[in-house]
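**Student:** The following block contains a protein sequence and its predicted model.
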Amino acid sequence: MRVLIVEDEAELAGMLADGLRGEGMVCDVAHDGARALEMTAAAAYDVLVLDRDLPHMSGDSVCRALNASGYPAGILMLTAAGGLSDLVDGLGQGADDYMAKPFSYLELVARLRALGRRTSHGGAPTVLSRHGVSLDTARRIAEREGRPLKLTPRELGVLEILLTADGGPVDTGELRERLWDAALDPATTAVRVTVHSLRRKLGEPPLIHHDPGFGYRL
Ligand code: CA
């Protein structure tokens with residue numbers, strides 16, 4: 001599941017992103033509304049966590065722009081004000097769900113998963129597949145030739161990014177940034193260890209290849 005967090009409070013955005021990456025979600029962050037629209041134009045997210053109160057361009061404007069263009073992601077709005085009128089307003093802008101700050105992190109995760117399951121592709125499960133490997137991105141189930149794979153959340157995240165790249169190379173830096181933390185020490189072996197473990201679990205013949213200078217491809 002690909003999530004875009006649109007939140008100008010850098011610390012909150014960073015904590016949320018870290019938490020969701022730990023759940024195996026592929027997570028990007030935009031700190032303002034204009035950047036959010038650039039990023040949604042460039043990539044297909046399943047769900048947006050959208051703060052209403054953003055500099056330059058409000059969350060409401062982002063929400064209206066995305067709905068006007070038919071962007072299929074589910075939108076969960078976050079707002080500082082928790083009154084009923086705000087709820088009605090937020091949903092009136094085309095948001096699919098709404099939470100007031102301060103919010104429960106566990107509730108947010110549960111609502112994002114529910115949104116991810118029912119949005120984008122008309123409610124149908126989103127299944128990515130390539131060379132006999134399939135991943136149901138909403139239910140987080142992966143198989144190879146019908147054999148279920150027991151993967152950790154981050155292994156599922158790596159598999160999702162490689163399948164989405166559709167045979168194109170994905171470098172370690174991108175995996176680190178989207179599934180761990182951009183601030184993670186680039187020298188860490190965490191990414192490599194996870195990719196190797198995923199490659200082993202996918203079985204024979206090996207499907208993940210490493211091109212020095214380009215990255216991993218499936
Ligand atoms: Ca804000």
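**Tutor:** Okay, I see it.
**Student:** tell me which element Ala41 falls in.
**Tutor:** helix 33-42 (DSSP states H and E).
**Student:** With Glu177 instead?
**Tutor:** Per DSSP H and E: Glu177 is located in helix 172-179.
**Student:** Now the following helix or strand past that helix: buried residues?
**Tutor:** On the C-terminal side of helix 172-179, the nearest following helix or strand under DSSP H and E is helix 190-202. Buried residues in helix 190-202, counted by 16 or more other Cβ atoms under 10 Å: Ala190, Val191, Thr194, Val195, Leu198, Arg199, Leu202. Placement of C-beta: from N, CA and C, glycine included.
**Student:** Contact partners for the fifth one?
**Tutor:** Leu198 makes contacts with Leu151, Glu155, Val158, Leu159, Ile208, as judged by Cβ atoms under 8 Å, 6 or more residues apart in numbering.
**Student:** gap between the residue nearest to Ala34 when sequence neighbours are not counted and Glu23?
**Tutor:** Closest residue in space to Ala34, ignoring its immediate chain neighbours: Met57 at 5.3 Å, by Cβ to Cβ, 6 or more residues apart in numbering. Applying Cβ to Cβ, to the nearest Å, the value for Met57 to Glu23 is 28 Å.
**Student:** ok, back up a step: so the residue nearest to Ala34, which state does it fall into?
**Tutor:** When classified by DSSP: H, G, I helix; E, B strand; the rest coil, Met57 comes out as coil.
**Student:** any idea how far Pro206 is from it?
**Tutor:** 46 Å.
**Student:** who has more neighbours, the two?
**Tutor:** Met57 (16 against 9; other Cβ atoms under 10 Å).
**Student:** Surely Val62 and Leu54 touch.
**Tutor:** Yes - applying Cβ atoms under 8 Å as the test, Val62 and Leu54 come out as touching, 7.4 Å apart.
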